[in-house]
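Enquirer: Build the 3D model from these lines:
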Amino acid sequence: MRTTNTPRRDHEAGGGWRQIGGDVNWSTYGVVLAKEEPDSKQVLLVRIEPWLEHDKHAAVTEGLYAVDEAAFSYRSLASDRHDTVAAMASLDMEVPEYERLGPAEKAAVLASHFGYDQSRSVSRLEEALPAPPDEIAFWHGKKETIDSVADASTEMKRAVLDANFETRLTFGELPDDAALEFALGDAPPELSLEGQDALAFEYATEIAGVSGRTDTVKELTATLRALANAPSPEFLDPDRIGPRTEDAIERWDRRYGDPGDEEEGIAAAAQALASSILSSLGFEWV
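Expert: Sure, this is the predicted structure:
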(Lines give C-alpha, C1' and ligand atoms only; values in the text may rest on other atoms or scores of the structure.)
Protein backbone atom coordinates (compact mmCIF):
# COMPACT_ATOMS: atom_id res chain seq x y z
CA MET A 1 0.00 0.00 0.00
CA ARG A 2 1.32 3.41 -0.95
CA THR A 3 0.66 6.48 1.15
CA THR A 4 1.34 10.14 0.59
CA ASN A 5 4.30 12.00 1.99
CA THR A 6 2.23 14.08 4.45
CA PRO A 7 2.48 14.29 8.23
CA ARG A 8 0.61 11.90 10.47
CA ARG A 9 -2.20 13.42 12.48
CA ASP A 10 -1.88 10.89 15.33
CA HIS A 11 1.08 11.94 17.45
CA GLU A 12 2.92 9.21 19.32
CA ALA A 13 5.54 10.48 21.72
CA GLY A 14 8.89 8.78 21.66
CA GLY A 15 12.55 9.47 22.26
CA GLY A 16 14.05 7.67 19.25
CA TRP A 17 13.80 7.93 15.51
CA ARG A 18 10.41 7.03 14.08
CA GLN A 19 8.60 7.25 10.78
CA ILE A 20 6.19 10.15 10.44
CA GLY A 21 5.77 10.28 6.66
CA GLY A 22 6.39 8.50 3.40
CA ASP A 23 5.17 5.02 2.65
CA VAL A 24 4.53 1.79 4.53
CA ASN A 25 6.85 0.19 1.98
CA TRP A 26 9.43 2.79 2.95
CA SER A 27 12.54 1.22 1.41
CA THR A 28 10.92 1.26 -2.04
CA TYR A 29 8.95 4.50 -2.06
CA GLY A 30 10.58 6.71 0.57
CA VAL A 31 10.25 7.76 4.19
CA VAL A 32 10.33 10.75 6.51
CA LEU A 33 11.93 10.05 9.89
CA ALA A 34 11.86 12.27 12.95
CA LYS A 35 13.50 12.48 16.34
CA GLU A 36 12.31 14.79 19.10
CA GLU A 37 14.97 16.17 21.43
CA PRO A 38 13.20 17.86 24.36
CA ASP A 39 16.46 18.65 26.14
CA SER A 40 17.74 20.73 23.24
CA LYS A 41 14.20 21.79 22.31
CA GLN A 42 14.42 20.75 18.67
CA VAL A 43 13.14 18.22 16.15
CA LEU A 44 15.41 16.48 13.65
CA LEU A 45 13.98 15.33 10.32
CA VAL A 46 15.45 13.03 7.69
CA ARG A 47 13.70 12.40 4.38
CA ILE A 48 14.92 9.51 2.22
CA GLU A 49 13.63 9.22 -1.34
CA PRO A 50 14.74 6.79 -4.05
CA TRP A 51 15.93 8.75 -7.06
CA LEU A 52 14.10 6.23 -9.23
CA GLU A 53 10.80 7.73 -8.05
CA HIS A 54 11.72 11.07 -9.65
CA ASP A 55 14.56 10.68 -12.14
CA LYS A 56 15.73 7.28 -13.32
CA HIS A 57 18.90 8.72 -14.87
CA ALA A 58 19.89 10.49 -11.65
CA ALA A 59 19.59 7.14 -9.89
CA VAL A 60 22.61 6.07 -11.96
CA THR A 61 24.66 9.25 -11.83
CA GLU A 62 23.83 10.62 -8.36
CA GLY A 63 23.20 7.56 -6.21
CA LEU A 64 20.21 5.39 -5.40
CA TYR A 65 18.77 7.57 -2.65
CA ALA A 66 18.39 11.31 -2.06
CA VAL A 67 18.71 12.21 1.62
CA ASP A 68 17.43 15.53 2.98
CA GLU A 69 17.91 16.70 6.57
CA ALA A 70 16.55 19.54 8.66
CA ALA A 71 16.31 20.70 12.27
CA PHE A 72 13.50 22.81 13.73
CA SER A 73 13.51 24.45 17.13
CA TYR A 74 10.37 24.07 19.21
CA ARG A 75 10.02 27.85 19.14
CA SER A 76 9.83 27.84 15.31
CA LEU A 77 6.80 25.54 15.47
CA ALA A 78 4.49 28.03 17.17
CA SER A 79 1.21 28.33 15.30
CA ASP A 80 1.23 32.13 15.31
CA ARG A 81 4.52 32.46 13.45
CA HIS A 82 4.43 33.74 9.87
CA ASP A 83 6.26 30.70 8.47
CA THR A 84 3.95 28.29 10.27
CA VAL A 85 0.86 30.09 9.00
CA ALA A 86 2.19 29.87 5.43
CA ALA A 87 2.97 26.15 5.82
CA MET A 88 -0.51 25.43 7.22
CA ALA A 89 -2.13 27.34 4.36
CA SER A 90 -0.20 25.28 1.80
CA LEU A 91 -1.74 22.12 3.28
CA ASP A 92 -5.17 23.69 3.79
CA MET A 93 -4.74 23.03 7.51
CA GLU A 94 -6.56 24.90 10.28
CA VAL A 95 -4.86 25.99 13.51
CA PRO A 96 -6.77 23.55 15.78
CA GLU A 97 -5.71 20.64 13.59
CA TYR A 98 -2.12 21.84 13.66
CA GLU A 99 -2.16 22.26 17.43
CA ARG A 100 -3.18 18.63 17.90
CA LEU A 101 0.07 17.52 16.30
CA GLY A 102 3.22 16.71 18.21
CA PRO A 103 6.51 18.56 17.63
CA ALA A 104 7.75 16.08 15.00
CA GLU A 105 4.57 16.28 12.95
CA LYS A 106 4.56 20.07 13.21
CA ALA A 107 8.13 20.14 11.92
CA ALA A 108 7.04 17.94 9.00
CA VAL A 109 4.38 20.54 8.13
CA LEU A 110 7.03 23.23 7.88
CA ALA A 111 9.44 21.00 5.94
CA SER A 112 6.73 20.08 3.43
CA HIS A 113 6.40 23.77 2.58
CA PHE A 114 9.89 25.21 3.04
CA GLY A 115 12.00 22.14 2.25
CA TYR A 116 15.09 20.80 3.99
CA ASP A 117 18.42 22.40 4.90
CA GLN A 118 20.94 19.77 3.77
CA SER A 119 20.93 17.28 0.92
CA ARG A 120 23.15 14.41 -0.15
CA SER A 121 22.94 11.22 -2.20
CA VAL A 122 23.98 7.71 -1.24
CA SER A 123 23.89 4.31 -2.90
CA ARG A 124 23.39 2.27 0.25
CA LEU A 125 20.19 2.60 2.20
CA GLU A 126 21.95 1.98 5.50
CA GLU A 127 24.08 5.07 4.85
CA ALA A 128 20.92 7.16 4.53
CA LEU A 129 19.46 6.15 7.89
CA PRO A 130 20.19 8.37 10.89
CA ALA A 131 20.43 5.40 13.28
CA PRO A 132 20.81 1.61 13.14
CA PRO A 133 17.69 0.22 11.41
CA ASP A 134 16.62 -1.88 14.40
CA GLU A 135 16.41 1.30 16.51
CA ILE A 136 13.96 3.04 14.17
CA ALA A 137 10.19 2.63 14.54
CA PHE A 138 8.68 2.20 11.08
CA TRP A 139 4.98 2.22 10.27
CA HIS A 140 4.94 -1.44 9.29
CA GLY A 141 5.81 -2.31 12.90
CA LYS A 142 8.57 -4.77 12.06
CA LYS A 143 12.16 -4.59 13.20
CA GLU A 144 14.46 -3.83 10.32
CA THR A 145 18.00 -5.23 10.33
CA ILE A 146 21.25 -4.41 8.60
CA ASP A 147 20.66 -7.44 6.35
CA SER A 148 17.09 -6.47 5.43
CA VAL A 149 18.18 -2.92 4.62
CA ALA A 150 21.12 -4.22 2.54
CA ASP A 151 18.72 -6.50 0.65
CA ALA A 152 16.48 -3.51 -0.04
CA SER A 153 19.46 -1.63 -1.49
CA THR A 154 20.22 -4.59 -3.76
CA GLU A 155 16.61 -4.72 -4.96
CA MET A 156 16.65 -0.98 -5.64
CA LYS A 157 19.88 -1.26 -7.59
CA ARG A 158 18.34 -4.01 -9.74
CA ALA A 159 15.28 -1.83 -10.35
CA VAL A 160 17.49 1.10 -11.42
CA LEU A 161 19.53 -1.21 -13.65
CA ASP A 162 16.37 -2.48 -15.37
CA ALA A 163 15.04 1.06 -15.78
CA ASN A 164 18.17 2.42 -17.44
CA PHE A 165 19.87 -0.42 -19.29
CA GLU A 166 19.20 -3.48 -21.40
CA THR A 167 19.42 -6.40 -18.98
CA ARG A 168 17.97 -9.25 -21.05
CA LEU A 169 20.57 -10.21 -23.62
CA THR A 170 21.09 -12.81 -26.31
CA PHE A 171 23.35 -15.63 -25.14
CA GLY A 172 26.97 -14.56 -25.38
CA GLU A 173 26.12 -10.87 -25.71
CA LEU A 174 27.68 -8.76 -22.96
CA PRO A 175 26.20 -5.60 -21.38
CA ASP A 176 27.71 -2.29 -22.45
CA ASP A 177 30.41 -0.74 -20.29
CA ALA A 178 28.10 1.79 -18.65
CA ALA A 179 25.70 -0.94 -17.54
CA LEU A 180 28.52 -3.08 -16.18
CA GLU A 181 30.11 -0.13 -14.41
CA PHE A 182 26.84 0.64 -12.62
CA ALA A 183 26.23 -3.02 -11.80
CA LEU A 184 29.73 -3.40 -10.38
CA GLY A 185 29.63 -0.26 -8.26
CA ASP A 186 32.19 -0.49 -5.49
CA ALA A 187 31.53 -4.17 -4.82
CA PRO A 188 32.74 -6.36 -7.71
CA PRO A 189 31.61 -9.99 -7.59
CA GLU A 190 33.71 -12.24 -5.42
CA LEU A 191 34.30 -15.54 -7.17
CA SER A 192 34.61 -18.39 -4.71
CA LEU A 193 34.75 -21.32 -7.09
CA GLU A 194 34.87 -25.00 -6.34
CA GLY A 195 34.57 -28.28 -8.22
CA GLN A 196 33.45 -28.06 -11.81
CA ASP A 197 33.17 -24.28 -11.72
CA ALA A 198 36.77 -23.86 -10.60
CA LEU A 199 38.10 -26.24 -13.23
CA ALA A 200 35.99 -24.75 -16.03
CA PHE A 201 37.13 -21.27 -15.00
CA GLU A 202 40.78 -22.32 -15.09
CA TYR A 203 40.31 -23.93 -18.50
CA ALA A 204 38.50 -20.99 -20.12
CA THR A 205 40.75 -18.22 -18.80
CA GLU A 206 43.92 -20.15 -19.66
CA ILE A 207 42.81 -20.65 -23.26
CA ALA A 208 41.82 -17.00 -23.58
CA GLY A 209 44.99 -15.80 -21.88
CA VAL A 210 43.19 -13.53 -19.39
CA SER A 211 43.69 -13.01 -15.67
CA GLY A 212 40.20 -14.04 -14.66
CA ARG A 213 39.79 -10.98 -12.42
CA THR A 214 36.49 -9.15 -12.05
CA ASP A 215 37.51 -5.93 -10.26
CA THR A 216 37.07 -3.57 -13.21
CA VAL A 217 34.75 -3.42 -16.19
CA LYS A 218 37.62 -4.28 -18.51
CA GLU A 219 38.68 -7.29 -16.45
CA LEU A 220 35.12 -8.48 -15.94
CA THR A 221 34.35 -8.22 -19.64
CA ALA A 222 37.46 -10.21 -20.56
CA THR A 223 36.62 -12.88 -18.01
CA LEU A 224 32.99 -13.19 -19.11
CA ARG A 225 34.00 -13.33 -22.75
CA ALA A 226 36.53 -16.07 -22.02
CA LEU A 227 33.92 -18.14 -20.20
CA ALA A 228 31.14 -17.60 -22.74
CA ASN A 229 33.39 -18.39 -25.71
CA ALA A 230 35.23 -21.34 -24.18
CA PRO A 231 35.64 -23.93 -26.96
CA SER A 232 35.07 -27.61 -26.47
CA PRO A 233 38.40 -29.49 -26.10
CA GLU A 234 37.67 -31.41 -29.30
CA PHE A 235 38.02 -28.19 -31.30
CA LEU A 236 41.42 -27.29 -29.88
CA ASP A 237 44.58 -27.79 -31.95
CA PRO A 238 46.47 -30.53 -30.06
CA ASP A 239 49.78 -28.93 -31.02
CA ARG A 240 48.75 -25.63 -29.40
CA ILE A 241 47.38 -26.95 -26.10
CA GLY A 242 49.57 -25.73 -23.25
CA PRO A 243 50.40 -27.89 -20.23
CA ARG A 244 47.91 -26.12 -17.93
CA THR A 245 45.07 -26.50 -20.41
CA GLU A 246 45.95 -30.15 -20.94
CA ASP A 247 46.05 -30.71 -17.19
CA ALA A 248 42.61 -29.11 -16.74
CA ILE A 249 41.15 -31.33 -19.46
CA GLU A 250 42.68 -34.47 -17.91
CA ARG A 251 41.43 -33.60 -14.43
CA TRP A 252 37.93 -33.00 -15.78
CA ASP A 253 38.04 -36.36 -17.55
CA ARG A 254 39.03 -38.15 -14.34
CA ARG A 255 36.49 -36.43 -12.12
CA TYR A 256 33.47 -35.60 -14.24
CA GLY A 257 33.56 -37.64 -17.43
CA ASP A 258 33.84 -36.58 -21.04
CA PRO A 259 35.19 -32.98 -21.11
CA GLY A 260 33.83 -32.55 -24.63
CA ASP A 261 30.24 -33.45 -23.74
CA GLU A 262 27.98 -30.85 -25.32
CA GLU A 263 25.74 -30.41 -22.28
CA GLU A 264 27.88 -31.47 -19.33
CA GLY A 265 31.44 -30.93 -20.55
CA ILE A 266 33.99 -28.38 -19.47
CA ALA A 267 33.00 -25.74 -22.06
CA ALA A 268 29.33 -26.03 -21.12
CA ALA A 269 30.27 -25.52 -17.46
CA ALA A 270 32.28 -22.41 -18.35
CA GLN A 271 29.32 -20.95 -20.23
CA ALA A 272 26.95 -21.73 -17.35
CA LEU A 273 29.36 -19.98 -14.99
CA ALA A 274 29.39 -16.86 -17.18
CA SER A 275 25.59 -16.85 -17.08
CA SER A 276 25.63 -17.19 -13.29
CA ILE A 277 28.05 -14.27 -12.85
CA LEU A 278 25.92 -12.07 -15.09
CA SER A 279 22.81 -13.07 -13.16
CA SER A 280 24.43 -12.07 -9.88
CA LEU A 281 24.90 -8.60 -11.37
CA GLY A 282 21.33 -8.30 -12.60
CA PHE A 283 21.62 -9.44 -16.22
CA GLU A 284 20.08 -12.41 -17.98
CA TRP A 285 20.88 -14.36 -21.12
CA VAL A 286 17.75 -15.41 -22.97
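Enquirer: Report all helices and strands that the biggest helix by length in the chain contacts.
Expert: Counting residues, the longest helix found in the chain (DSSP state H) is helix 146-164. Packing contacts for helix 146-164, counted by 3 or more CB pairs under 8 Å, 6 or more residues apart in numbering; DSSP states H and E, involve helix 26-29, helix 58-61, helix 125-128, helix 177-184. Where C-beta positions appear, they are placed from N, C-alpha and C, glycine not excepted.
Enquirer: Can you pull out the residues in contact with the last one?
Expert: Which is helix 177-184. With CB atoms under 8 Å, 6 or more residues apart in numbering as the test, helix 177-184 has contacts from 60, 157, 160-161, 164-167, 174-175, 216-217, 220-221, 281-283.
Enquirer: switch to 7 Å and redo it
Expert: Contacts to helix 177-184, defined as CB atoms under 7 Å, 6 or more residues apart in numbering, come from residues 60, 161, 165, 217, 220-221, 281-282.
Enquirer: And those residues, which two are furthest apart?
Expert: The distance between the two most remote of the contacts of helix 177-184 (CB to CB) is 18.8 Å, for 60 and 221.
Enquirer: Comparing these two, which residue is more hemmed in?
Expert: A direct count of neighbours by other CB atoms under 10 Å for residue 60 and residue 221 places residue 60 higher, at 21 against 17.
Enquirer: wait, that one sits on residue 162?
Expert: No: checked against CB atoms under 7 Å, the pair residue 60 and residue 162 is beyond contact range at 11.7 Å.
Enquirer: what mean pLDDT would you report for whichever helix or strand comes after the longest helix of the chain?
Expert: The C-terminal neighbour of helix 146-164 among helices and strands, as given by DSSP states H and E, is strand 168-169. If you average the pLDDT over strand 168-169, you get 96.
Enquirer: same question, stretch 226-244
Expert: If you average the pLDDT values across stretch 226-244, you get 92.
Enquirer: if we can go back for a sec, reformat the helices and strands packed on helix 146-164 as a markdown table; add distance to residue 253 and mean pLDDT.
Expert: What follows is the helices and strands packed on helix 146-164, written out as a markdown table (distance: least, CB to CB, whole Å; pLDDT from 0 to 100):
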| stretch | distance to residue 253 | mean pLDDT |
| --- | --- | --- |
| helix 26-29 | 49 | 96 |
| helix 58-61 | 46 | 96 |
| helix 125-128 | 48 | 96 |
| helix 177-184 | 34 | 94 |
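Enquirer: mind giving me a markdown table with the ones you listed and columns for distance to residue 225?
Expert: Formatted as a markdown table, the helices and strands packed on helix 146-164 follow (distance: least, CB to CB, whole Å):
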| stretch | distance to residue 225 |
| --- | --- |
| helix 26-29 | 35 |
| helix 58-61 | 24 |
| helix 125-128 | 33 |
| helix 177-184 | 12 |
